[in-house]
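Chemist: A structural model of the following input is requested.
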Amino acid sequence: MSKIHIAYATITKHSKKLAHAIGERLYVKPDNILDKPLYEAVDLLYIVGGIYGGESLPALIDFVKSLDNNKVKKVALITSCASKIHVQKTIRTILEDKNIPVIDEHICQGSFLFFKMGHPNKDDLKEAVDFAFKLSER
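Modeler: All right, here's what the predicted structure looks like:
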């Protein structure tokens, strides 16, 4: 059985909402990166984060820089973004530089102020949960 963890960073609580929905389905307690989780022998780490002004949160970037490729085998990214076009490019680059494969990324509809208000909604959560579950079965 694979060892799976979920880490998230959030300002708007969207990523927390996504991480907890995924965690409920996978029976994994999500970790807020502000709690400085330490991981040993992780087969798959889901990193859930939003895009703010075109970039991932600095705290999430720092967290990813702290990951060790001897302890984390692979990562899947789940991204909340109001425009639904931005990816976690900086996060992906850091992981690739550390030789930690990013196996896939799901972009979830987020919101900003009145733009796309109400997202992520239950359909968005279901898409993210289904994405994560399918990856967990690989």
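Chemist: now for the chain, the helix or strand with the poorest mean pLDDT.
Modeler: Across the helices and strands of the chain, mean confidence by mean pLDDT, DSSP states H and E is lowest for strand 55-56: a mean of 86.
Chemist: partner strands of that strand and their direction?
Modeler: strand 44-52 (antiparallel) (DSSP bridges).
Chemist: so how far is the partner strand from its chain's centroid?
Modeler: Relative to the mean C-alpha coordinate of its chain, strand 44-52 is positioned 2 Å out (Cα atoms, centre = their mean, to the nearest Å).
Chemist: returning to what we had before: in the helix or strand just after the least confident helix or strand of the chain, what's buried?
Modeler: Helices and strands here follow DSSP states H and E; after strand 55-56, the next one along the chain is helix 58-65. For helix 58-65, burial by neighbour count (16 or more other Cβ atoms under 10 Å) applies to 60, 61, 63, 64. (C-beta placed from N, C-alpha, C; glycine too.)
Chemist: I figured residue 23 hits residue 4, correct?
Modeler: No - using Cβ atoms under 8 Å, residue 23 makes no contact with residue 4, being 9.5 Å away.
Chemist: and the buried residues of helix 58-65, which two are the farthest apart?
Modeler: 61 and 63 (7.3 Å; Cβ to Cβ).
Chemist: thinking again about what came up before, and for residue 23 and residue 4, which residues touch both?
Modeler: Taking Cβ atoms under 8 Å, 6 or more residues apart in numbering as the contact rule, residue 23 and residue 4 have no neighbour in common.
Chemist: specify which member of the buried residues of helix 58-65 is nearest to residue 70.
Modeler: residue 64 (15.3 Å).
Chemist: ok, now which ones touch the closest one?
Modeler: With contacts defined as Cβ under 8 Å, 6+ apart, residue 64 is in contact with 47, 91, 94, 95.
Chemist: those in helices, which ones?
Modeler: 91, 94, 95 (DSSP state H).
Chemist: closest one of these to residue 106?
Modeler: Checking the ones in helices among the contacts of residue 64 against residue 106 by Cβ to Cβ gives residue 91 as the nearest, at 13.4 Å.
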